[in-house]
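K.L.:
mind looking at a prediction? Sequence and model below.
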Amino acid sequence: MPHPIMFRDDDPGLTELRRVALGFPEAFEKISHGRPAFCAPKMFAVYGGNAKSDGTMVSYPHSLLVKVDESEQRALGQDSRFFSPMYLAPSGWLGLDFGAAPVDWDEVGELVDASFRLTASARLIRLLDGT
């Protein structure tokens, strides 16, 4: 049975995230587990996610999930805007809740860029860097 669609095209921040994520070399959007996922071809960003808190699932429908370098995980994890997404956190992913504070789209761009660099092939990174 397919996952239900868990977003709408007019969701807060989705249009902006699409603009950022689809600007990376060979990036495309697909629906994964009912949510927009951005890939090239590996997934480097997802719109929306869930976390567990005290055994209860907490939904963050308007959020960004990105892979984060191990050296940055602790610092970002201390920021109350970030959460540990279910299933992806053990692989180095964090979520940024768009509803926790006004979204800094420059910061989002940096997070997506870093996530892309952690997941993309060397060829795509060279394309990104123009080398």
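P.N.:
That came in fine, so what should we check first?

K.L.:
quick check: which element contains residue 36?
P.N.:
Using DSSP states H and E, residue 36 falls within strand 35-39.

K.L.:
who does the next helix or strand after that strand touch, helix- and strand-wise?
P.N.:
Next helix or strand after strand 35-39 toward the C-terminus (DSSP H and E): strand 43-53. In this structure, strand 43-53 packs against helix 14-21, strand 35-39, strand 56-67, helix 105-119, with contacts taken as 3 or more Cβ pairs under 8 Å, 6 or more residues apart in numbering; DSSP states H and E. In this view, the C-beta of every residue, glycine as well, is placed from N, C-alpha and C.

K.L.:
in TSV, list those along with distance to residue 99 and mean neighbour count.
P.N.:
Shown next, in TSV, are the helices and strands packed on strand 43-53 (distance: least, Cβ to Cβ, whole Å; neighbours: other Cβ atoms under 10 Å):
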stretch	distance to residue 99	mean neighbour count
helix 14-21	13	18
strand 35-39	16	20
strand 56-67	5	19
helix 105-119	14	17
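
K.L.:
okay if I get those as CSV plus mean pLDDT and distance to residue 6?
P.N.:
Converted to CSV, the helices and strands packed on strand 43-53 look like this (pLDDT from 0 to 100; distance: least, Cβ to Cβ, whole Å):
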stretch, mean pLDDT, distance to residue 6
helix 14-21, 98, 12
strand 35-39, 98, 6
strand 56-67, 97, 7
helix 105-119, 98, 20
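
K.L.:
closest to residue 76 out of these?
P.N.:
For the helices and strands packed on strand 43-53, distance to residue 76 was read as Cβ to Cβ. The smallest value, 8.6 Å, belongs to helix 105-119.
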